[in-house]
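*Asks:* Model the structure of this input:
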Amino acid sequence: MDTPPLLTDPASTLPLPGHRARVLLIDDQRMVGEAVRRMIANEPDIDFEFCQDPHQALATAERFAPTVILQDLVMPGINGLTLVEHFRAGDFSRDIPMIVLSSQEEPVIKAEAFARGANDYLVKLPDRVELLARVRYHSRGFILLKERNAAFEALAASQRALAAELAEAADYVKSLLPAPLKGPIDVRWDFEACSSVGGDSFGYFWIDDEHFAAYLLDVCGHGVGAALLSVSVMNTLGGNTLRNADPRHPEQVLASLNEVFPMQRHNNMYFTIWYGVFNRTTRQLRYASAGHPPALLFETASPAVEPKQLSIPGLPIGCMDGMLYDGAEVTVPPGGRLYLFSDGVYEVRLLEDREMTLEDFIPIIAQPPSAADGLLAVRAAVGARQGRMNFDDDFSLVEMVFA
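*Replies:* Now for the predicted structure:
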């Protein structure tokens, strides 16, 4: 049977596509330098530099920027293995492939060279075909490494810029939230956006001398799109621009929002919302809900008394055309506390490896937060239950105390 012919031009000996190899030879013998130069002279994709003084090796390498270094081990005035270590310690040279050229073929010396940081080992002078193959092989790997590192750095820079823009967007959304209030109704809040821009927002305002409105909404998902929709809803409610809706009637407000913000016109995004109106004369709080967690009304300061959960079933805003919403009323006694929040306040993974429920959250909020700590104490308590202070969803909590 005939023996197949050997390949005379293996892929590793072919020119580098689109790149040039840059070979730096460090050897005190000019004869070796000339021999290697002649091996490489006719290769159009390889540049060559010879350094005869090993004490100038680092400076030459920094100037020449090689893709592979050929280095002798036995040179006057310096140990070749020590020079390998110097290259590996430099910021610019630690990743440059190094091929040791040595007249010695002892396994112990080879092992020591690899231990100090060499990538390859050749007994000089090597065959020209083998030398070119190894030069191109190591140069190709180094060039790909540099390209990968540059791509990773570009990606990291892009991610940093995106993170900065998201943080700026989160700060902008937070700047639109209303200031705390003092008066017949004291209002304070705690808001912390998650790692990405979220879709939570809230607001409160006097409709007239008798009626005070408050709402909290949560757009599905995260990102700039969710934040933009959330801000748009805030502007709509704050500007009282809803058609066919009396802002004193929550069920009309939700029905009108459903008309204005159908999900098919807003990138398939919908939102939940709780909206209530307090009449300061009758002390009646009328409210409606569109798929939102219930508001909690504490009628006394005693943490032992269970709060009333103010919720009415209803689909989120934007999910179905022509939705009608029901309203309900409750009497708010003097000193009553009302809490509005999104599900990000309590839907966290606890240390005991289960999801926190609303029933777990109620005892945390039942004790009136102190004036000094404010609602930050509530966030800290929830954070302690999950073992970390960063949340996977927006943390939005509004407290209203009625005189």
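*Asks:* what does whichever strand or helix holds residue 382 contact?
*Replies:* Using DSSP states H and E, residue 382 sits in helix 376-386. The contact list for helix 376-386 (C-beta atoms under 8 Å, 6 or more residues apart in numbering) reads 190, 192, 345-346, 348-351, 356, 360-361, 364-365, 369-370, 389, 391, 395, 397. The C-beta positions use only the backbone N, C-alpha and C, and glycine is treated the same way.
*Asks:* I'd like the domain boundaries of the chain, if you could list them.
*Replies:* 11-148, 176-402 (automatic domain parsing).
*Asks:* For the helix or strand hosting residue 155, give the mean pLDDT please.
*Replies:* According to DSSP H and E, residue 155 maps onto helix 128-175. Per-region confidence: helix 128-175 scores 88 on mean pLDDT.
*Asks:* Give me the distance from whichever helix or strand comes after that helix to the chain's centre.
*Replies:* Using DSSP H and E, the next helix or strand after helix 128-175 towards the C-terminus is strand 185-192. How far strand 185-192 lies from its chain's middle: 28 Å, per C-alpha atoms, centre = their mean, to the nearest Å.
*Asks:* List the buried residues in strand 185-192.
*Replies:* Of the residues in strand 185-192, 185, 187, 188, 189, 190, 191, 192 count as buried by neighbour count, 16 or more other C-beta atoms under 10 Å.
*Asks:* do the same with stretch 256-275
*Replies:* Across stretch 256-275, burial judged by 16+ other C-beta under 10 Å covers 256-261, 263, 266, 269-275.
*Asks:* just stretch 27-34 next, same as before
*Replies:* Within stretch 27-34, the residues that count as buried by 16+ other C-beta under 10 Å are 27, 28, 32, 33.
*Asks:* which residues touch the last one?
*Replies:* Read that as residue 33. With contact taken as C-beta under 8 Å, 6+ apart, residue 33 is in contact with 25, 27, 50, 52.
*Asks:* Where do the helices of the stretch 301-403 of the chain begin and end?
*Replies:* Secondary structure of the stretch 301-403 of the chain (DSSP state H, counting those that start in this stretch): helices at 358-366, 376-386.
*Asks:* Tell me which of these lies nearest to residue 87.
*Replies:* Closest of the helices of the stretch 301-403 of the chain to residue 87 is helix 376-386, at 48.1 Å (criterion: C-beta to C-beta).
*Asks:* how distant is the closest one from the center of its chain?
*Replies:* Helix 376-386 has its C-alpha centroid displaced from the chain centroid by 22 Å (C-alpha atoms, centre = their mean).
*Asks:* if I look at residue 47, how far off is residue 126?
*Replies:* From residue 47 over to residue 126 the distance is 19 Å, taken as C-beta to C-beta, to the nearest Å.
*Asks:* Please list the residues outside stretch 49-64 that contact it.
*Replies:* Outside stretch 49-64, the residues that reach it (C-beta under 8 Å, 6+ apart) are 22-30, 33, 36-37, 66, 69, 71, 75-78, 80, 83, 86-87, 90, 92-93, 96.
*Asks:* What subset of those is buried?
*Replies:* Among the contacts of stretch 49-64, the ones that count as buried by 16+ other C-beta under 10 Å are 22-28, 33, 36, 66, 69, 71, 75, 78, 80, 83, 86-87, 93, 96.
*Asks:* out of those, which are inside strands?
*Replies:* Applying DSSP state E to those, the entries found in strands are 22, 23, 24, 25, 26, 69, 71, 75, 78.
*Asks:* Tell me how many other residues surround residue 282.
*Replies:* As a burial measure, residue 282 scores 12 neighbours (other C-beta atoms under 10 Å).
*Asks:* go on, residue 241?
*Replies:* By other C-beta under 10 Å, 11 other residues sit near residue 241.
*Asks:* What of residue 324?
*Replies:* Each residue near residue 324 was counted by other C-beta under 10 Å, and the total is 10.
*Asks:* ok, now residue 161?
*Replies:* Neighbours of residue 161 using other C-beta under 10 Å come to 10.
*Asks:* measure it to residue 258 for me?
*Replies:* Counting by C-beta to C-beta, the gap from residue 161 to residue 258 is 37 Å.
*Asks:* do residue 234 as well
*Replies:* Computed as C-beta to C-beta, the residue 234 to residue 258 distance reads 17 Å.
*Asks:* Can you get me a residue count around the closest residue to residue 184 other than its chain neighbours?
*Replies:* Computed as C-beta to C-beta, 6 or more residues apart in numbering, the closest residue to residue 184 that is not its neighbour in sequence is residue 403, at 5.1 Å. Residue 403: 10 surrounding residues under other C-beta under 10 Å.
*Asks:* So for residue 403, what's the pLDDT?
*Replies:* Reading off the model, residue 403 has pLDDT 94.
*Asks:* and it, what does it touch?
*Replies:* Contacts of residue 403 were listed using C-beta under 8 Å, 6+ apart, and they are 183, 184, 185, 186, 334, 335.
*Asks:* cool, residue 40 as well?
*Replies:* Listed by C-beta under 8 Å, 6+ apart, the contact set of residue 40 reads 23, 46, 48, 132, 135.
*Asks:* and with 7 Å instead?
*Replies:* By C-beta atoms under 7 Å, 6 or more residues apart in numbering, the contact list for residue 40 reads 23, 46, 48.
*Asks:* helix or strand for the last one, which one?
*Replies:* Residue 48 belongs to strand 46-51 when elements are defined using DSSP H and E.
*Asks:* Tell me the helix or strand right after that strand.
*Replies:* Following strand 46-51 toward the C-terminus (DSSP H and E): helix 57-64.
*Asks:* mind showing which ranges of the stretch 151-300 of the chain have poor pLDDT?
*Replies:* Residue ranges of the stretch 151-300 of the chain with pLDDT under 70: 195-196.
*Asks:* one more time with 80, if that's ok
*Replies:* 162-163, 165-167, 169-170, 194-198, 222-223 (pLDDT under 80).
*Asks:* and if you look at the stretch 301-403 of the chain?
*Replies:* Scanning the stretch 301-403 of the chain for pLDDT under 80 picks out 301-304, 368-373.
*Asks:* just the strands in it please.
*Replies:* Ranges of strands within the stretch 301-403 of the chain are 308-310, 328-331, 337-341, 395-402, based on DSSP state E, counting those that start in this stretch.
*Asks:* Please identify the most buried of the ones you listed.
*Replies:* Neighbour counts (mean count of other C-beta atoms under 10 Å) averaged over each of the strands of the stretch 301-403 of the chain peak at strand 337-341, with a mean of 26.
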